[in-house]
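Trainee: how does the following fold in three dimensions:
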Amino acid sequence: MMPTGHSDSTLQAHANQLADWLSRSRSVVFFGGAGTSTESGIPDFRSSDGIFADDETFRHPPEVILSRSFFEHDPDTFYRFYRAKMIHSAAKPNAAHRVLAQLEQDGIVKAVVTQNIDGLHQAAGSEEVWELHGSIHRNECTSCRAKYGLDSVLHSESAIPACSECGGMLKPDVVLYEEQLHDDVITHAVARIREADLLIVGGTSLTVQPAASFIRLAAKAKLILMNRSATSVDAYADAVYREPMGALFDAAYKQLRGKGE
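Mentor: Numbering: from 1, shown residues only. Sure thing, here's the model as predicted:
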């Protein structure tokens, strides 16, 4: 495992190393969590100012509100929490999202596997994105299965968005507590991870299961961890970087482009 640090010289050294590994890899997969989007202004989950921080506005813990049974029992409170905490429609892709999209266009990154539901990888231009926990941008009528975009939730005339076809309640296509991940998404994500020769894990504490267990399937891959705090997998990684992800990816890509010129 390589040493970590925060100075400009250390960031550049890590960026140079990352660029070198990217240049020698043919099947790179990025596996990301909430920390990928914090530089876009979206809070993570469990920090002091994160989504799951104490909030007296809601009388129930977030883990309860974001469960399937609570959604069915009290959709009004669910949607008040969901709109306030889970939707960040003004957020834009940051440097990490943009570089990953460019690396896919360059044929280096084969896929992004994300635990995020914000859609910022696609907004940046990434095409093969496997969203383990769904997306705020997809919504479905619980009665007739009609499909809706994010605007149907943001601009609903009622607190609980309803289907314009049948009047049924809409549900976001996000995986709630008590729900299973989508089988087809798992199948494709796991296949890409198994094929990887370089797996970059960024912005995740690797505590959410079963998603976190997927990285163990990258038996052929070098493993890079990008996270501001320690994880249970740090000791097994080929490199651990603590720098801001956007700055690190940006510096690495500039170095990579320089190598190709």
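
Trainee: where does the stretch 51-200 of the chain dip in pLDDT?
Mentor: 51-57 (pLDDT under 70).

Trainee: all strands for it, in order.
Mentor: 109-114, 129-131, 134-141, 147-148, 170-174, 198-202 (DSSP state E, counting those that start in this stretch).

Trainee: what residues sit buried inside the second one?
Mentor: Within strand 129-131, the residues scored as buried using 16 or more other CB atoms under 10 Å are 129-131. All C-beta spots, glycine's among them, are computed from the backbone N, C-alpha and C.

Trainee: of those, closest to residue 116?
Mentor: residue 131 (7.4 Å; CB to CB).

Trainee: hang on, isn't that closest one packed against residue 114?
Mentor: Yes. In this structure, residue 131 is within contact of residue 114 by CB atoms under 8 Å, at 5.8 Å.

Trainee: could I get the buried residues of strand 129-131 as a markdown table with distance to residue 153?
Mentor: Listed next are the buried residues of strand 129-131 as a markdown table, based on distance: CB to CB, whole Å:
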| residue | distance to residue 153 |
| --- | --- |
| 129 | 21 |
| 130 | 23 |
| 131 | 17 |
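
Trainee: any idea which of these is closest to residue 256?
Mentor: Checking those one by one against residue 256 (CB to CB), the nearest turns out to be residue 129, at 21.3 Å.

Trainee: contacts only, for that closest one.
Mentor: Taking CB atoms under 8 Å, 6 or more residues apart in numbering, we find residue 129 in contact with 111-114, 121-122.

Trainee: quick one, helices of the stretch 151-261 of the chain?
Mentor: Taking DSSP state H, counting those that start in this stretch to define them, one finds helices in the stretch 151-261 of the chain at 151-154, 183-195, 245-260.

Trainee: out of the ones you listed, deepest packed?
Mentor: Among these, helix 245-260 has the highest mean neighbour count (mean count of other CB atoms under 10 Å), at a mean of 18.
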